[in-house]
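> return atomic coordinates for the entry below.
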Amino acid sequence: MRRLSFRGNAHHPSSCHTQARADTEGLAVVAIIGQPNVGKSLLFNRLTGSYVTVSNYPGTTVEVARGRARLRCCNQALRIVDTPGLFNLVPTTEEERVTRRILFDERPQLILNVVDAKNLPRMLPLTLQLIEAGLPLILDLNMMDEAEFHGLTIDLPGLEYALGIPVVGTIGTNGSGIEYLRERISTCVHPACAVRPCH
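Numbering: from 1, shown residues only. Model (predicted):
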């Protein structure tokens, strides 16, 4: 079994707080970002349930899904945005340009960067670009079951320490890790949640 360990200098404590604009309804916005086929839409559905609208991004034919989620700890609503797949911050397709516009024009309060855990080395360059751009970030290693099936053991605390951002692991297909992901999102979007129990 291969173990992926990460050590290095980090900006501690791992931080995801920033000043960002709310949406037109005054809701904090969380944008789900990642390469194609990493399970973004499945996690979006896990977080939002049935409170979803899908429409073309203004001036394009690219569909973007937006939904609502509610923080368990303080009962506040969030806007969740499921963006088109993105390989890096230098867009080459209309879909990638839309995602970049969401990142830098709409300025979400939090970025949920979803990656395929079994292909982590190939996924991390985008994560590093997001960090270098100063974007507020949680890294979600999805498909942890597939990583385990391929003989990978990933040191999540070590990766969090090395990157200096919150890191979680999920299995979108069965919902494993989703509640902990909700807690980390809550803490980042509303820091008061860090000292309030989640019921």
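
> which ones are touching residue 188?
The contact partners of residue 188, by CB atoms under 8 Å, 6 or more residues apart in numbering, come to 16-17, 110, 136, 138, 166. To be clear about C-beta, it is placed using only N, CA and C from the backbone, and glycine gets the same treatment.

> please enumerate the helices of this protein.
With DSSP state H as the criterion, the chain has helices at 40-48, 94-101, 120-132, 144-149, 156-163, 178-189.

> would JSON lines of those with distance to residue 58 be doable?
Putting the helices of the chain into JSON lines (distance: least, CB to CB, whole Å) gives the following:
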{"stretch": "helix 40-48", "distance to residue 58": "20"}
{"stretch": "helix 94-101", "distance to residue 58": "9"}
{"stretch": "helix 120-132", "distance to residue 58": "23"}
{"stretch": "helix 144-149", "distance to residue 58": "36"}
{"stretch": "helix 156-163", "distance to residue 58": "33"}
{"stretch": "helix 178-189", "distance to residue 58": "25"}
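
> make CSV out of the ones you listed and add mean pLDDT and distance to residue 32.
Formatted as CSV, the helices of the chain follow (pLDDT from 0 to 100; distance: least, CB to CB, whole Å):
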stretch, mean pLDDT, distance to residue 32
helix 40-48, 94, 5
helix 94-101, 96, 10
helix 120-132, 97, 12
helix 144-149, 96, 17
helix 156-163, 95, 18
helix 178-189, 91, 11
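
> about what we covered before: type out the PyMOL command that picks the buried ones from the contacts of residue 188.
Per 16 or more other CB atoms under 10 Å, the buried members of these correspond to this PyMOL selection:
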select buried, resi 16+110+136+138+166
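
> related to what we said a few turns ago, the helices of the chain: which one's closest to residue 172?
Among the helices of the chain, the nearest to residue 172 by CB to CB is helix 40-48 (4.0 Å).

> could you check the angle helix 178-189 makes with that closest one?
Relative orientation of helix 40-48 versus helix 178-189 (axes from the mean of the first three to the mean of the last three CA atoms, to 10 degrees): 80 degrees.

> in the protein, where is pLDDT below threshold?
Applying pLDDT under 70 to the chain flags the ranges 1-15, 17-25, 72-74, 192-199.

> which parts of it are strands?
2-4, 28-33, 52-56, 63-70, 77-82, 110-116, 137-142, 152-154, 167-169 (DSSP state E).

> including distance to residue 44, could the ones you listed go into TSV?
Formatted as TSV, the strands of the chain follow (distance: least, CB to CB, whole Å):
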stretch	distance to residue 44
strand 2-4	26
strand 28-33	6
strand 52-56	8
strand 63-70	6
strand 77-82	4
strand 110-116	9
strand 137-142	11
strand 152-154	23
strand 167-169	15
